[in-house]
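Engineer: Pasting the sequence and the predicted model now:
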Protein chains: 2
Amino acid sequence: MRSLLSGKIAVFVAVLSLAVGAIAMRAQSPPAINLMPTPAKVQAGNGFLRVDETFRLSFAGHREPRLERAGRRFLEQLHRQTALVFASRETVDPAKATLLVTTDQESKAVQELGEDESYTLDVTPSGARLHATNPLGALHGLQTFLQLVTITPDGFGAPVVSIQDRPRFSWRGLMIDAGRHFIPIAVLERNLDGMEAVKLNVFHWHLSENQGFRVESQKYPKLHELGSDGLYYTQEEIRGLVAYARDRGIRVVPEFDMPGHSTAWFVGYPELASGSGPYQIERKWGIFDPAMDPSNEKTYKFLNEFIAEMAKLFPDAFFHVGGDEVNGKEWDANPSIQAYRKAHGIKDNNALQAYFSQRVQELVVKHGKTPIGWDEILVPGVPKSIVIQSWRGADSLVAAAKQGYRGILSNGYYVDLGWSAARHYAVDPLGDAAANLTPEEQKLVLGGEACMWSEYVDPENIDSRIWPRTAAIAERLWSPADVRDAAAMYARLPEISQRLEWVGLNHHTYQRRMIERMAATAAPEEIAALTSLVEALEPLKDYSREGNGPEPTSQTPLNRVVDAVQPESEASRLLSGKVDEYLASSCKDVAKASELRAQLVQWAGNDARLRPLAERSFLVKEAGPASSALSQAAEVALAALDRITLGVPPLSPELKKQQLDGLSALELQAHKDQLTIPALPAFQKLLDAATVGGACPISK
Amino acid sequence: MRSLLSGKIAVFVAVLSLAVGAIAMRAQSPPAINLMPTPAKVQAGNGFLRVDETFRLSFAGHREPRLERAGRRFLEQLHRQTALVFASRETVDPAKATLLVTTDQESKAVQELGEDESYTLDVTPSGARLHATNPLGALHGLQTFLQLVTITPDGFGAPVVSIQDRPRFSWRGLMIDAGRHFIPIAVLERNLDGMEAVKLNVFHWHLSENQGFRVESQKYPKLHELGSDGLYYTQEEIRGLVAYARDRGIRVVPEFDMPGHSTAWFVGYPELASGSGPYQIERKWGIFDPAMDPSNEKTYKFLNEFIAEMAKLFPDAFFHVGGDEVNGKEWDANPSIQAYRKAHGIKDNNALQAYFSQRVQELVVKHGKTPIGWDEILVPGVPKSIVIQSWRGADSLVAAAKQGYRGILSNGYYVDLGWSAARHYAVDPLGDAAANLTPEEQKLVLGGEACMWSEYVDPENIDSRIWPRTAAIAERLWSPADVRDAAAMYARLPEISQRLEWVGLNHHTYQRRMIERMAATAAPEEIAALTSLVEALEPLKDYSREGNGPEPTSQTPLNRVVDAVQPESEASRLLSGKVDEYLASSCKDVAKASELRAQLVQWAGNDARLRPLAERSFLVKEAGPASSALSQAAEVALAALDRITLGVPPLSPELKKQQLDGLSALELQAHKDQLTIPALPAFQKLLDAATVGGACPISK
């Protein structure tokens, strides 16, 4: 394909020298190249291509409406980034294009796993050319170009660069749980836009849960009518979303979790369940007893019809059957199920679940799909065609590959756990034990998926739990394995995060609205202290949230400080970085000390400034313990810093221990509000440094 | 109507005492009542009504789908304000409603000028009741309730209050010019939501301009096909918007500006024009020569058919024919038009325009509508039924009323001029000369309209040019004449502004995106200085923008600092208020001096902090003169403040004059960027005070 293009270079260069608006800008150091995911191969050049209102986009080679639409979206996005006004309605002569996109051939009618997604992008001072085998690569290349466009001292422009790019893994997914909290189509659409921007290519749609059945079934209408509180997707909406995803190079894999996580099915069809019913939509979070009856042939008859309907609705080759977290209690309690089990020589509930899984997988295969399931479905004897989604640990992925099964990694990519971008970024589908797989076995590791479980997200804050951290996961799944420097990732993340807001996500702007709700005002002076608090803290990590405070349900309003804080506090991360730099300078970097001091002084005084608002707002008041903990902890860190910089005597080991214990107590105090103080380790480092024999010389 | 309701009170009270969730909260001082517009009559009580997830809304009396839809929107909005999760799908027994809305009868099939919009709203600790004659009042009352709901120390709640409300004026409008910049339906919709929130009831849709003809005409398709760059509203979209407006108690008055401001018509139909053509869509701003040919019967034949089509499309009784700013040059240059004029005994171009206007008005009347036009149409002999929109001054409104014509005021309400909310707020349709009208004449003054001319707005920043200042205009038009204290208005405006963002407007949040575009990053530390600059400045006022810098066109990107700054800088307004308070304390208020100093120090140092960004971004760089001017001006003010507080000798008159001249020069420097430094008068006051014989005693 390269050769075909190369043959056109001479013509192309001649054309570009004539192109309207493709004016070479004066030579200078090119702007930084902030791409995420980092392409497979990037060769930076000198100078850049000016992007102004004369910018024109054109397509050559294979054409299709999807590419035209992508072109319009590209120009709309370029307008959002720059506010430049393009004459988008005109048909552009390829000879006059600033960016010429050449595509060789069509892609598959239904996007397939492993299709060619490669592209090359060459930007010169006089024009840019994008070449791809098929539209998938063209879509990716357009997103790369958008990321290249930046502001310069002389206008908007894209740096001269030559990029050859293709993904490391073929399955790069984001799962959204629309079961626990219903997530409207518009919210999914903007997240698909975000996925496109970072080249994710699988949207895994978790559609049924104890708390809701979210798909219109024409065959079994009581599923959505009684199982959803009226919050479900119509089949027309689903077809629309599938088309929306296809336009963006994204496959849509539906998941219907069985035999557990299925209470909502049983509200309309209690006969499917192993218990006696009646069933209600579950309002709480956790693992519940209801499970499908694996002993009843009517269950399989129902599922056969249901899967037939859904297999038609969702064109993707894969069909996710869930299969996780069955506690077996309903099976134990049902004598006829136990009798069935014994009669069929099934030794225990695990084996019974395997039996059920096998029957369901047969139905999936019968209706033309390849089953995928959570790692519980990996039991001896299942067909080699299934795909294992590893959530409990990378071990199951390795085990699967060794047995010849394909797998994808989600353990380590659960974005609901509140981990840092760096922590997700360090997780590699071929890392740890998988690194020891043979090359053939490694090929069975298809990629990974970020998972957004939705106990504590709603349409207002879900973007903030997915982005920008999922961009780091997307880089892990797309870029070469050696692209793994967290500092370099963080250097690019703020700009990528901004661009994700440009595509329509609200992961940054939601916070201000939540703060204004808690404060009942937008007056800057009145919300300053609350903003500082919210920006300094993070939600408690992992699954520790349930244990603190009243039991949350699906009706609990997500309007508290814990819902407003970002999973990763930028302010705290920056402060921690400054502490490291300061200590690395042996505490000689006076400017750094001064920056540190300013932030610590602000935090130390913040609780007092927050108090008037806490007296007016119950939502601010309830965060009082965390606010007080932050200020007290900052006070301790400030005293340590002053001890170092002012040269007062170092802390004795006893005093240091006492203060460290104090910090731990303050962290526990913040936990009561389901919050954590992410700068605490940095505070501890300052204490260490201020101690007798600490890292920094104290002058007297 | 009150009596009908009163009869139900006993039942109602009994019901409320049983109502789920209507739990009385502990007695305490009620939260502030921040309503805009201020109701006609407000009686505050003690305590408040708790609003939690058990809140239920129900309707009684006259029912119609519009009310049901209003109820759903109300609950959605209440959810946005609180994040509370309501069981919105259930049908609520009126006996169990927290808020019971009783409506007596239907409103007119097409909303009419002067329909009853009154309502009463009573909030008690156990429930609330809203009563209205017809759905218009119910819609207004629901908005009032939403504004009452606030956060308290014990949860969300609405203060106990009794409100009797009705508007002072029956025509309370917002005009949006969709001609110069096309404004998409979604942007109009969110502005209609904003209008509903502040009880405006007329959307005046300026649909044709030299720069664009924005309506699909099935009769004359070349109007939109050739006159719009493809940016027009389909008839289906228009019907949708009219229905959207009706749902919100808003009339839609279309405007087709004739005979001038009409170049875009002539691109497709040059035979309508007075010149020889051909015509192109105008790209520049200003007053242009093209005008319809008033001497050609074919013009009237065309307009007859066109108005017939549009009169069917827009159901409102009024039809706006424009009529402003005809320069007559095409008429002068066309011998046959001059011959026609003389043959018909028409003495000059003004009379010729009057002749044209009269013919067009006859067509409007023929098709069942009442003409409305800009004040140029008020010429001797026009029928008394027409309505005059006064844009050139309140005088024409007074003149019209004295002659028995109805009128509305727009002079003083042009929100594109960048005036402060207070300045608009001070303009009263019955102020100045109109105050001397007889009561009968005063009744002819129907109200007013905020006008959003769109030379310098696009979908991104238009909300910020309309809101929140238009809320102050809305209060002027709704509330009693004696509600006119600007300080009280400003005390409420931040909260109202916040609520307008909740309904979907982006007048606040757009700014951050524009700043991030200019900075090419969202990193807080990197955008801090630019944010301070943008928050401190305002766009140059009135029509002075054209004279500075290269001539703007409809293709000019609106991405500069001048496009990002708010028409009214909150930071500067706050600083100015503090200066006044400080000086009023005879400079004894040390805390105030310290607050002042902090802001001045920040501004004084801001230009230096901005410089690294200015080196990276052409958009920041070009605002360098304004940035430097702000910092230098703040430096002067800071020196004056320090002179007062530190007790150094007062300024000599010569030095003072020199420094005042310096400030004036700095203001002119900012003008080069089409910006102004709104804190300058406050800086001057500090200089005054620091002078020999100044307001504040300087200690030594």
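Structural biologist: Now that the structure is in, tell me what you want to look at. Numbering: from 1, shown residues only, chains lettered A, B, ... in the order given.
Engineer: which ones are touching residue A:431?
Structural biologist: By Cβ atoms under 8 Å, 6 or more residues apart in numbering or on different chains, residue A:431 lies in contact with residue A:394. Every residue, glycine included, has its C-beta placed from N, CA and C.
Engineer: From chain B, how far out is it?
Structural biologist: To chain B, residue A:431 is 30 Å away according to Cβ to the nearest Cβ, to the nearest Å.
Engineer: now do residue A:122
Structural biologist: On the measure of Cβ to the nearest Cβ, residue A:122 and chain B end up 23 Å apart.
Engineer: Is that residue in a helix, a strand, or coil?
Structural biologist: Judged by DSSP: H, G, I helix; E, B strand; the rest coil, the three-state class of residue A:122 is strand.
Engineer: Give the bridge partners for it, please.
Structural biologist: Legend: beta-bridge partners of residue A:122 under DSSP bridges are residue A:129, residue A:162.
Engineer: Next, count neighbours for it.
Structural biologist: For residue A:122, the neighbour count with other Cβ atoms under 10 Å in any protein chain shown is 19.
Engineer: In contact with it: list those residues for me.
Structural biologist: A:128, A:129, A:161, A:162, A:163.
Engineer: Which single one of these is nearest to chain B?
Structural biologist: Within the contacts of residue A:122, the smallest distance to chain B is 16.7 Å, found for residue A:161 (Cβ to the nearest Cβ).
Engineer: which of the residues in stretch A:361-371 are buried?
Structural biologist: Residues of stretch A:361-371 classed as buried: A:361, A:363, A:364, A:365, A:367, A:369, A:370, A:371 (neighbour count, 16 or more other Cβ atoms under 10 Å in any protein chain shown).
Engineer: from the residues you listed, which is closest to residue A:155?
Structural biologist: residue A:370 (49.8 Å; Cβ to Cβ).
Engineer: that older thread, buried among the contacts of residue A:122? Make that a ChimeraX selection.
Structural biologist: To isolate the buried ones among those in ChimeraX, judged by 16+ other Cβ under 10 Å, type:
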select /A:128,129,161,163
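Engineer: Of all pairs in the contacts of residue A:122, which one is the farthest apart?
Structural biologist: Using Cβ to Cβ, the contacts of residue A:122 span at most 11.9 Å, a distance reached by A:129 and A:161.
Engineer: between the two, what contacts are shared?
Structural biologist: Common neighbours of residue A:129 and residue A:161 (criterion: Cβ under 8 Å, 6+ apart): A:121, A:122.
Engineer: Point out the residues in the stretch 351-500 of chain A that sit beside chain B.
Structural biologist: Residues of the stretch 351-500 of chain A lying close to chain B by Cβ under 8 Å from any Cβ of the partner chain are A:458, A:460, A:494, A:495, A:497, A:498.
Engineer: Include neighbour count and distance to residue A:664 when you put the residues you listed into JSON lines, please.
Structural biologist: Shown next, in JSON lines, are those (neighbours: other Cβ atoms under 10 Å in any protein chain shown; distance: Cβ to Cβ, whole Å):
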{"residue": "A:458", "neighbour count": "21", "distance to residue A:664": "33"}
{"residue": "A:460", "neighbour count": "20", "distance to residue A:664": "33"}
{"residue": "A:494", "neighbour count": "21", "distance to residue A:664": "31"}
{"residue": "A:495", "neighbour count": "23", "distance to residue A:664": "36"}
{"residue": "A:497", "neighbour count": "23", "distance to residue A:664": "32"}
{"residue": "A:498", "neighbour count": "23", "distance to residue A:664": "36"}
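Engineer: Show me the two of those residues that sit farthest apart.
Structural biologist: Greatest spatial distance in those: A:458 and A:495, 27.7 Å, computed using Cβ to Cβ.
Engineer: I'd like the distance from residue A:149 to residue B:520, if you could.
Structural biologist: 9 Å (Cβ to Cβ, to the nearest Å).
Engineer: repeat for residue A:115
Structural biologist: With Cβ to Cβ as the criterion, residue A:115 and residue B:520 are 34 Å apart.
Engineer: neighbour-wise, which of these two wins?
Structural biologist: residue B:520 (26 against 17).
Engineer: Could you pull up phi and psi at that one?
Structural biologist: phi 60, psi 30 (degrees, to the nearest 10).
Engineer: Report the spatially closest residue to it, excluding sequence-adjacent ones.
Structural biologist: residue A:151 (4.4 Å; Cβ to Cβ, 6 or more residues apart in numbering or on different chains).
Engineer: before we move on, what SS does the one you found have?
Structural biologist: Classified using three-state DSSP, residue A:151 is strand.
Engineer: need the contact list for it.
Structural biologist: Residue A:151 neighbours (Cβ under 8 Å, 6+ apart): A:31, B:517, B:518, B:519, B:520, B:616, B:617, B:618, B:619.
Engineer: for it, which residues make a bridge with it?
Structural biologist: Beta-bridge partners, per DSSP bridges, of residue A:151: residue A:156.
Engineer: per-residue pLDDT, it?
Structural biologist: Looking at residue A:151, its pLDDT reads 94.
Engineer: And for residue A:16?
Structural biologist: So, for residue A:16, pLDDT stands at 33.
Engineer: check which helix or strand covers residue A:473.
Structural biologist: Taking DSSP states H and E as the definition, residue A:473 sits inside helix A:469-478.
Engineer: counting contacts, what elements does that helix pack onto?
Structural biologist: If you count contacts as 3 or more Cβ pairs under 8 Å, 6 or more residues apart in numbering or on different chains; DSSP states H and E, helix A:469-478 packs onto strand A:171-177, helix A:421-425, strand A:445-452, helix A:486-502.
Engineer: mind putting the ones you listed in a markdown table, mean pLDDT included?
Structural biologist: Shown next, in a markdown table, are the helices and strands packed on helix A:469-478 (pLDDT from 0 to 100):
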| stretch | mean pLDDT |
| --- | --- |
| strand A:171-177 | 98 |
| helix A:421-425 | 98 |
| strand A:445-452 | 98 |
| helix A:486-502 | 94 |
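Engineer: so which of these gets nearest residue A:76?
Structural biologist: Of the helices and strands packed on helix A:469-478, nearest to residue A:76 by Cβ to Cβ is helix A:486-502, at 10.4 Å.
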